[in-house]
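K.L.:
structure for the following, please:
(chains A, B, C and D)
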Protein chains: 2
Amino acid sequence: MPAAIEEATRVLKSNNFKITKQRTAMLEFLVNTATKRFVEVTSIDNFMRQTFPKMSHNTIYRNISEFANLGIVERQVQGDRASVKFQCDFQHEHHHHFICSNCGKVIELKDCPLSEEITSQLDGCKVTGHLFQIYGLCPQCASLTNN
Amino acid sequence: MPAAIEEATRVLKSNNFKITKQRTAMLEFLVNTATKRFVEVTSIDNFMRQTFPKMSHNTIYRNISEFANLGIVERQVQGDRASVKFQCDFQHEHHHHFICSNCGKVIELKDCPLSEEITSQLDGCKVTGHLFQIYGLCPQCASLTNN
DNA sequence: ATTTATAGAGTAATCATTACTATTAGAGTT
DNA sequence: AACTCTAATAGTAATGATTACTCTATAAAT
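P.N.:
Numbering: from 1, shown residues only, chains lettered A, B, ... in the order given. Now for the predicted structure:
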């Protein structure tokens, strides 16, 4: 079993979630397709239900949501669809992403642009979060488009 | 007629869009409720159809979409709903926003955090856009929550 | 092996958004 | 002011992602 799945399994267990066939199958799919890459939840739904025709939407969406709460996957909204990517390194430090708008591939950025200079413009506000993302084409997709 | 609506009307006309009662009514609603503030498209839909019971979803969503293409409104996804705000100053320079997650109020930020230091990490990528937003509570909503 | 609560299956509902078609009405022209 | 032509709208229904609900199955603790 890949280390990433073992680690996710540990997280589930230590939070009193049961290790079911369905959850393991979803983790396997996520490790294979959504590592360093955002994948639409609908395509997870489609794949899982093709592979396991008895699986219900409910199970898939609920598990994705639980995985997200536990930090096993990271969620985002791409266009008007929800996407997730597998969070390989749990508890890694705060960072932001370049996201390929063609294939969903993610590149981690080193710096967080939130500065004192910026927050000082928000007197009286209670800042709770921020979002910084760069969009474009990854090297592979960029070279495909050039031809 | 407020100047903002006159300006939006000019933009529509110069792009060969017709000035209809429905569009004018929508612009009025947007100026009143969505100036410096993001408002959910569903609430625009609800309001317009209450005020003008013969208006169809189609008309509302299509016009919102056209307004967005013309730069009359700015779109964003808040949670899983689409929101828009009226773009008071057309063709104003590139900037980012603080957005109140309670009331949708917007505060414009002075600086764009996209730096050479950051883009140099994306060798081979074709950067097409970026998103930077700060979330939190505006002064009014923050003081309400404190009590 | 027994027990108990969580997870899943199956089915249907919900809700935002879009499609389609016949009709209406801007706005330019005579 | 009437005429024309095309874009815009109304009305209706479809679509598609997500969620709700109830009954059953199963993980895992004892």
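K.L.:
now the angle from the lengthiest strand in chain A to strand B:126-137?
P.N.:
When chain A is scanned for its longest strand (criterion: DSSP state E), the result is strand A:126-137. Inter-element angle recorded for strand A:126-137 and strand B:126-137: 170 degrees (by axes from the mean of the first three to the mean of the last three CA atoms, to 10 degrees).
K.L.:
and the next helix or strand after strand A:126-137, what's its mean pLDDT?
P.N.:
Per DSSP states H and E, the first helix or strand lying C-terminal to strand A:126-137 is helix A:139-146. If you average the pLDDT over helix A:139-146, you get 86.
K.L.:
and for stretch A:122-136?
P.N.:
Averaged across stretch A:122-136, pLDDT comes to 94.
K.L.:
what residues sit buried inside whichever strand or helix holds A:E6?
P.N.:
For A:E6, the host element (DSSP H and E) is helix A:3-14. For helix A:3-14, the neighbour count (16 or more other CB atoms under 10 Å in any protein chain shown) marks A:4-5, A:7-9, A:11-12 as buried. Placement of C-beta: from N, CA and C, glycine included.
K.L.:
returning to that earlier point: is the longest strand of chain A in proximity to chain B?
P.N.:
Yes - applying CB under 8 Å from any CB of the partner chain, one finds strand A:126-137 touching chain B at A:126-137.
K.L.:
which single one of the buried residues of helix A:3-14 is nearest to B:I107?
P.N.:
Using CB to CB, A:V11 is the member of the buried residues of helix A:3-14 that sits closest to B:I107, with 37.5 Å.
K.L.:
okay, now the residue nearest to that closest one when sequence neighbours are not counted: neighbour count?
P.N.:
Counting by CB to CB, 6 or more residues apart in numbering or on different chains, A:V11 lies nearest to A:L70, which is 5.4 Å off, once chain neighbours are set aside. For A:L70, the neighbour count with other CB atoms under 10 Å in any protein chain shown is 16.
K.L.:
shaky segments in chain A?
P.N.:
A:88-92, A:146-147 (pLDDT under 70).
K.L.:
which parts of it sit against chain B?
P.N.:
A:77, A:80, A:82, A:98, A:100-101, A:107, A:109-111, A:113-115, A:117-119, A:121-139, A:142, A:145.
K.L.:
got a quick PyMOL command for the buried subset of the residues you listed?
P.N.:
Of those, the buried ones can be selected in PyMOL as follows, counting by 16+ other CB under 10 Å:
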select buried, chain A and resi 82+98+100+101+107+109+113+114+118+119+122+125+126+130+132+133+134+135+136+137+138+142
